[in-house]
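Engineer: have a look; sequence and predicted model below, questions after that.
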Amino acid sequence: MELPGVVEIRDAVASGETSAVEQTRSSLDRIERLDGGLNAFTQVFGERAVARAEAVDARLRAGESADAIGPLAGVPVAVKDNLCTEFGRTTCASRMLEGYASPFSATVVERLERAGAVIVGKTNLDEFAMGSSGEHSCFGPTRNPWDPSRVPGGSSSGSAAAVASGMVPVALGSDTGGSIRQPAALTGTVGFKPTYGTVSRWGLVAFGSSLDQVGPIARSVEDAALVYDAISGRDPRDSTCLDRDAAGTFGALDDPLEGLRLAVPTQARDESIEPRVRLIFGMMMRALSERGVEFEEVELPSPDQMLAAYYIVAPAEASSNLARYDGVRYGHRAELADGDGLHELYCKSRTEGFGDEVQRRILLGTHVLRSGYADQYYVRALKMRRLIRSDYDAIFRVMGCDAVLTPTAPGPAFELGSKTDDPMALYLEDVFTVGASLAGLPAASVPAGFVPEGDRQLPVGVQLTGPALGDARLLRVAREVESAAGFAGRVAVTG
Ligand code: GLN
């Protein structure tokens, strides 16, 4: 089944064929019907959303053009619950932030609203965006709309499930090591992690500050591009945000695309990848070569090296970012017993407030930064990060490839609970996605096919990684892959 996407809704609102209120209500109705089974939302802002939509409709009725209102006029959207909103709560799916109301909204949230979008709710996630399954949430796991016994991927689990089930046409996620792309792959949606620094992180609760980037999950490359353009561009409130105008990727989606050359790393066909994923990947390559795409076999640092670098750098930064939740200045405060002092206050508050995976990351990060150990772990990981960057650079600049093509994840959606006791198994989900994160490069996951599983069909995605600031070209290439595969726009839940 297909439902209207962002561009279609926007055009229909602009032409008066539908209204912002009608679209918002239909999104809210679908959430009402489906979210009990999926648990994609942590909060729904019914009244506020309808009021915002009424305001858009009133402006249109008063004669203002949709263009003047903004490129997303009347489009219902959802945002991951690690983005601050001055309305509702900002929870990061953590007990630590239970009941936390942010005094301000993230830049990306403000920009969505300024573009005319209607925020209908905030989506579930792995606590503080740490995880690849959506199971590490204090609100309970999100389920995959293609098969509710399976995970939707993570950490932007709710955003992916909300879009795949048609509850919203687009949602924002955040991506530190794959959290937009891997859930997109597991739910048959398009996920785009932009070049580091092109989207403001102001108001995104920090996990790994040198890696975190906000981006869209949508049902087509076109929709993702439109939303990326709306949220991108300079922001003096984030010092790592580049001094550049908003991206213009949407307008470049029809640029001519000749002589496309894609790099395929040897790992993309490694034995450790599920055979079904390798099969779809091979079919994708054949479909593309029929369209005249050329392939280059390339070498990148091994999966072990990539994962080791990521699982040192990300936890190191996380341990520092999460130090502020001490029960005094920020976060949950534990009840103290007689005789407890400051140490007990910290210890009890953090033990009660943080879930297991977050505690594991803090311990890991603290360990790799310890004096006497930092050289052996953290500094070495930074060196590996440099090497990874220069390897990608060689692929784009020296070999002249347009993008690197890999599977997005080593397998399709897995059963809930099947990897919860084995953190290492879960970390392996990130084998193809952490490279772009460490190198700060733009990367998109596009649906490439479906594999049968019992009486279900499970989506499989492929990932394209491009050169820094080549976001427009990368999305142009992603659109080519999307059209070669022919699976865009599908919604998992009918009715
Ligand atoms: N799965 C990775 C992790 O757990 C990536 C998470 C993310 O991108 N936020 O760290």
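Structural biologist: In hand now; what should we look at? Residues are numbered from 1 along each chain as shown.
Engineer: list the buried residues for the helix or strand of the chain with the lowest mean pLDDT?
Structural biologist: In the chain, the helix or strand scored least confidently by mean pLDDT, DSSP states H and E is helix 423-427, which has a mean of 92. By 16 or more other C-beta atoms under 10 Å, the buried positions in helix 423-427 come out as 426-427. C-betas here are computed from N, CA, C, even on glycine.
Engineer: next SSE after that helix?
Structural biologist: Using DSSP states H and E, the helix or strand that follows helix 423-427 in sequence is helix 434-439.
Engineer: show me what that next one is packed against.
Structural biologist: Packing contacts for helix 434-439, counted by 3 or more C-beta pairs under 8 Å, 6 or more residues apart in numbering; DSSP states H and E, involve helix 303-321, helix 380-393, strand 456-465.
Engineer: pLDDT averaged over the helix or strand following that helix, what's the number?
Structural biologist: For helix 434-439, the following helix or strand on the C-terminal side (DSSP H and E) is strand 443-453. Here strand 443-453 scores 97 as its mean pLDDT.
Engineer: what's near enough to touch the residue nearest the centre of the chain?
Structural biologist: Central residue of the chain (C-alpha atoms, centre = their mean): residue 180, 2.0 Å from the mean position. The neighbourhood of residue 180, defined by C-beta atoms under 8 Å, 6 or more residues apart in numbering, consists of 156, 159, 173-174, 191-193, 215-217, 445.
Engineer: let me know the closest of those residues to the ligand.
Structural biologist: Distance to the ligand across the contacts of residue 180 (C-beta to the nearest ligand atom) is lowest for residue 174, with 6.1 Å.
Engineer: the closest one belongs to a helix?
Structural biologist: No. Residue 174 is assigned strand when assessed by DSSP: H, G, I helix; E, B strand; the rest coil, not a helix.
Engineer: thinking again about what came up before, okay, the helices and strands packed on helix 434-439 in TSV with distance to residue 56, mean neighbour count and mean pLDDT next?
Structural biologist: What follows is these, written out as TSV (distance: least, C-beta to C-beta, whole Å; neighbours: other C-beta atoms under 10 Å; pLDDT from 0 to 100):
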stretch	distance to residue 56	mean neighbour count	mean pLDDT
helix 303-321	36	21	97
helix 380-393	41	17	97
strand 456-465	33	25	97
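Engineer: for the ligand, which of the ones you listed is the nearest?
Structural biologist: For the helices and strands packed on helix 434-439, proximity to the ligand was assessed by C-beta to the nearest ligand atom; helix 303-321 is nearest, at 5.3 Å.
Engineer: just checking, what packs against the closest one?
Structural biologist: Helix 303-321 packs on helix 356-369, helix 380-393, helix 434-439, going by 3+ C-beta pairs under 8 Å, 6+ apart.
Engineer: take these and write them to CSV, including distance to residue 275.
Structural biologist: CSV is the format used below for the helices and strands packed on helix 303-321 (distance: least, C-beta to C-beta, whole Å):
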stretch, distance to residue 275
helix 356-369, 29
helix 380-393, 27
helix 434-439, 23
